[in-house]
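Engineer: sequence plus predicted model, see below.
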Amino acid sequence: MNMVSIGEFSRLSRLSAKALRLYDELGLLVPAHVDAETGYRWYAVTQLDHARLVASLRRAEVPLARIRDILALDPASAIEAIRGHWADAEAEHSARRVLVGRLVDHLQGKKPGMYEVTVRDIPERSLLSRISRVHQDELESLTRELFIHRLRRGGVPRVEGMAGAPFVIYHGEVSGDSDGPVEWCWPVPEDRAAEIAAGFPDLTLRTEPAHREAFVRQETPGRWAAGSQVEVAVGALFAWAAERKHHPSGGVRGVLVPAAGTERTGPYVEFALSLS
């Protein structure tokens, strides 16, 4: 095996030694050999393609946690994941454009255009939930891990209709600087709630009272929104509530709505605000 030092590998890959050490710690790019006495890292020349892939993904501003997931995929799935990242980036850029426009309108004393806000009734329901602090670049992967890999693929039954759609409550801002917290909620049938909860001791079973909620729809199917997209939705919902003298209760919710019964090909996100 043709081996080179970390310094030479840094030059060939155009990744700094600091970045290489970080990627080693995260398991993204592990040296072919580490000297047991000195801890010095050596890399195989054949690892250069892998290193350049990691570097390209970072230049495309793919979060490190998402890169780890992509590297574990087969090529076809990795392609879809990269396309998904770009769809997220474009949606975030569009949301920032809207957000900046609203800020300019506000500073100029203009009333911003209103999103189409709808109101619906949600019945009392049992929820499996978990509250945790999380930054923006971790939100989607943690949401998928709980909702898809553990609960949906684990066969946990769903409540019918919109009342059964899983959702995340933003109890605080989620960004690169702020970590929420957020609460993941999965509605379960009341008659089986205790039985289901027993299989997930790390989750909390609670009852949510019946309430009305206002909501707006995100136009990017299948992606979990964060950052400016949430900020725009928050602004639209709170402006709508203030204009009609409604009193919001709790944080903004991101509701993952299944595509069944709609013309869409994949699930989509609605942002909702509980009204007291």
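Structural biologist: Thanks, I have the structure now.
Engineer: where along the protein do the strands fall?
Structural biologist: 3-5, 33-34, 41-44, 118-122, 125-132, 167-170, 182-188, 204-208, 211-217, 252-257, 268-275 (DSSP state E).
Engineer: show me what counts as buried in the fifth one.
Structural biologist: The neighbour-count criterion (16 or more other C-beta atoms under 10 Å) identifies 125-129 as the buried residues of strand 125-132. No exception for glycine: its C-beta is placed from N, CA and C like everyone else's.
Engineer: what's the answer for the first one, then?
Structural biologist: Of the residues in strand 3-5, Val4 count as buried by neighbour count, 16+ other C-beta under 10 Å.
Engineer: partners of it in the sheet?
Structural biologist: Strand 3-5 pairs in its sheet with strand 41-44 (antiparallel), by DSSP bridges.
Engineer: which outside residues touch the strand it pairs with?
Structural biologist: Residues outside strand 41-44 that contact it (C-beta atoms under 8 Å, 6 or more residues apart in numbering) are 1-6, 9, 20-21, 24, 31-35, 51.
Engineer: grab the CA positions of that strand and hand them over as CSV.
Structural biologist: Presented in CSV, the C-alpha positions along strand 41-44 are these (Å, rounded to 0.1, in the frame of the first residue of the first chain):
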residue,chain,number,x,y,z
ARG,A,41,-1.3,9.6,11.0
TRP,A,42,-0.5,8.0,7.6
TYR,A,43,-2.9,7.8,4.7
ALA,A,44,-3.1,5.6,1.6
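Engineer: quick one: which of the contacts of strand 41-44 has the lowest pLDDT value?
Structural biologist: Note: of the contacts of strand 41-44, the lowest pLDDT belongs to Met1, at 63.
Engineer: any idea how far the most centrally placed residue in the chain lies from Asp49?
Structural biologist: With distances taken as C-alpha atoms, centre = their mean, the residue of the chain nearest its centroid is Glu140 (2.2 Å). With distances taken as C-beta to C-beta, to the nearest Å, Glu140 is found 27 Å from Asp49.
Engineer: check Arg153 too.
Structural biologist: 32 Å.
Engineer: quick one: the helices in the stretch 151-276 of the chain?
Structural biologist: Per DSSP state H, counting those that start in this stretch, the stretch 151-276 of the chain carries helices over the ranges 193-198, 228-243.
Engineer: out of the ones you listed, which is closest to Trp86?
Structural biologist: helix 228-243 (15.1 Å; C-beta to C-beta).
Engineer: and that closest one, how far from the chain's centre?
Structural biologist: 19 Å (C-alpha atoms, centre = their mean, to the nearest Å).
Engineer: what angle separates that helix from strand 252-257?
Structural biologist: Angle, helix 228-243 to strand 252-257, by axes from the mean of the first three to the mean of the last three C-alpha atoms, to 10 degrees: 110 degrees.
Engineer: what is the lengthiest helix in the chain packed up against?
Structural biologist: Determined from DSSP state H, the single longest helix within the chain is helix 75-107. When contacts are defined as 3 or more C-beta pairs under 8 Å, 6 or more residues apart in numbering; DSSP states H and E, helix 75-107 sits against helix 64-71, helix 228-243.
Engineer: worst mean pLDDT among those?
Structural biologist: helix 228-243 (a mean of 77).
Engineer: Asp74: which of the strands of the chain is closest?
Structural biologist: Of all the strands of the chain, strand 41-44 comes closest under C-beta to C-beta, at 22.3 Å.
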